[in-house]
Every structure is written in C-alpha cells, then in structure tokens.
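Enquirer: show me the folded form of this:
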Amino acid sequence: MIQVEVIGVEPACYRCKETMQNTEKVAAKLRQEGHEITVSKLDVMNKSTMEKYGVVRTPAFALNGVIKIMGKVPDSGVIERIIRKEL
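Expert: Numbering: from 1, shown residues only. Next comes the predicted model:
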C-alpha cells in the first residue's frame, strides 16, 4: 500500500490545491490499475505535522512518510513517476 500526503496551508492556497488535484488524478489512475493508494492532506501548521516532516516551504509531497518534493507544484507526470518507483 502506498500512502501519499500533500502538506500545505489551511485553508488551501492555489498551489496546495493544484498539488492535491494532480495527486488525486494520478492516484485514481493507479487505483484503476489495481494499486492501493491513499491520499491525505495535512496542515503544515499542525504541530505533529511540523514535528514529523519539518516542512518549511509548501506545498510538499510525501510518499510513505518521506518528503519527495517541497516548495513547488509537481505536475501529474512527476507525481506518477515518483509513485511508480515505489510500486
């Protein structure tokens, strides 16, 4: 099972929303192929999120508890390549 977390501000800014949309699009495609993927949104200002990830720039993209992208909006192709490496 792959766990993806998009970390950003609440309420979500444009960049965080776009990252979440791109992530959900890729997750839906991979689920259709039979892969188990969960996607969740975390608030960067939450104390436990800050302690776990130490994110200083948003949006951030974490895969199975490891930050893969921080401070930029990844397009769906980049997200898909990162996830497929873990499959």
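Enquirer: how about the strands in this protein?
Expert: Taking DSSP state E to define them, one finds strands in the chain at 2-8, 37-43, 60-63, 66-70.
Enquirer: now the angle from the last one to strand 2-8?
Expert: Going by axes from the mean of the first three to the mean of the last three Cα atoms, to 10 degrees, strand 66-70 is angled at 40 degrees with respect to strand 2-8.
Enquirer: pLDDT of strand 66-70, averaged?
Expert: Strand 66-70 shows an average pLDDT of 97 in the prediction.
Enquirer: which other helices and strands contact that strand?
Expert: In terms of contacts (3 or more Cβ pairs under 8 Å, 6 or more residues apart in numbering; DSSP states H and E), strand 66-70 is packed against strand 60-63, helix 76-86. All C-beta atoms are positioned from the backbone trio N, CA, C, and that covers glycine.
Enquirer: tell me which of the ones you listed sits most buried.
Expert: strand 60-63 (a mean of 22; mean count of other Cβ atoms under 10 Å).
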